[in-house]
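For reference, the sequence and a predicted model appear below.
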Amino acid sequence: MQIIHTAAELRAQLKSQASIGFVPTMGNLHAGHMHLVEIAKQQAQCVVVSIFVNPLQFGANEDLAGYPRTLDADCEKLKAAGAHIVFAPSVAEMYPDFDGHNLNQSMSITPPPIAHELCGASRHGHFGGVATVVMKLFSLIFFNGASRQVAVFGKKDFQQLFIIKELVKQFNLPVEIIAGETMREPSGLAMSSRNGYLTPEQRATAAQLQQGLQKIVSAIQQGNKRYSDLEQQLTQELNGKGWAVDYISTRSAVSLAPVTANDTHLVVLAAAKLGNTRLIDNIDFFAPGS
Ligand code: PAF
């Protein structure tokens, strides 16, 4: 496995690859990421994993400085998992006009309107930052017309996955996006790099979010269409248990728009804070249309 830090070296290594599977990450890897690597291995001969904590997708009051950076341990895991290339660029490599303080990225991707809802309603600029860095990464990786070019994203970040699919569609990018299922702790808690912020007590209760979403799914599958009542009930329940719910929302899993009578593939998404840790989760499922 090669560990590469520059765009020039990455391009040189990928020039003659016949098929490329790419897994973009911000590091601090867990079993959820390894599942995405497994999918990439099934799809392509050369598996590239990027590790880059992207400043452009963090808001001023978010955890950019404290975000766990564990490159050596990550590389060990990736080597054992059979990845071929780790791309771990510096901020200056990804943002050529970075002056040590400001990224000076004056051109960026404008994400679709859905980027301002759900997580985007409180994380202003987040999805624009994600889309911009993913566009940069794709342009560094998918340039040689390899016969198969795929990128694997986890379903835990369901809204991100949706926006990346739109990016690929709207910019005619030569890459197929594949979704990996959310990996969970035995308790049901979705695996996330941010779970490391939780205290042991918080970790013991963090699966309440997933359990609550599961209750909504069951109610809807039994014919309850009062989505907003179900969402409010769960919000109250979780807030009463010490959470600070940001949103719980049932949407079309296909468009992320509010559910209409014809929708059968739905997703219930949530974001909530436990102490200072913001967790997200979702379940996509099928329900009878009307
Ligand atoms: O999901 C993530 O880890 C990040 O948002 C991504 C896709 C690597 C972009 O920085």
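It's in.

Just checking the longest helix anywhere in the chain against the ligand, any contact.
If you go by DSSP state H, the chain has its longest helix at helix 126-141. Yes. With CB under 6 Å from any ligand atom as the criterion, the ligand is reached by helix 126-141 at 130, 133-134. Glycine gets a C-beta too; all of them are placed from N, C-alpha and C.

Distance from that helix to the middle of the chain?
Centre-to-centre, helix 126-141 and its host chain are 12 Å apart (CA atoms, centre = their mean, to the nearest Å).

continuing past it, what's the next helix or strand?
strand 148-154 (DSSP states H and E).

Columns neighbour count on top of the residues of helix 126-141 next to the ligand, output as TSV?
Listed next are the residues of helix 126-141 next to the ligand as TSV, based on neighbours: other CB atoms under 10 Å:
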residue	neighbour count
V130	24
V133	23
V134	25
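
Tabulate those residues (JSON lines), appending pLDDT.
JSON lines is the format used below for those (pLDDT from 0 to 100):
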{"residue": "V130", "pLDDT": "98"}
{"residue": "V133", "pLDDT": "98"}
{"residue": "V134", "pLDDT": "98"}
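
hmm, back to that, please name every helix or strand in contact with the longest helix of the chain.
Packing partners of helix 126-141 (3 or more CB pairs under 8 Å, 6 or more residues apart in numbering; DSSP states H and E): helix 7-14, strand 19-25, strand 85-87, helix 119-122, helix 158-170.

for stretch 233-243, which positions count as buried?
Judged by neighbour count (16 or more other CB atoms under 10 Å), stretch 233-243 contains these buried residues: 233-235, 238, 243.

For that stretch, the averaged confidence score.
The average pLDDT within stretch 233-243 is 98.

For the residue nearest in space to the middle of the chain, which residues are in contact?
By CA atoms, centre = their mean, the chain has its centre lying nearest to D157, at 3.7 Å. Residues near D157 by CB atoms under 8 Å, 6 or more residues apart in numbering: I280.
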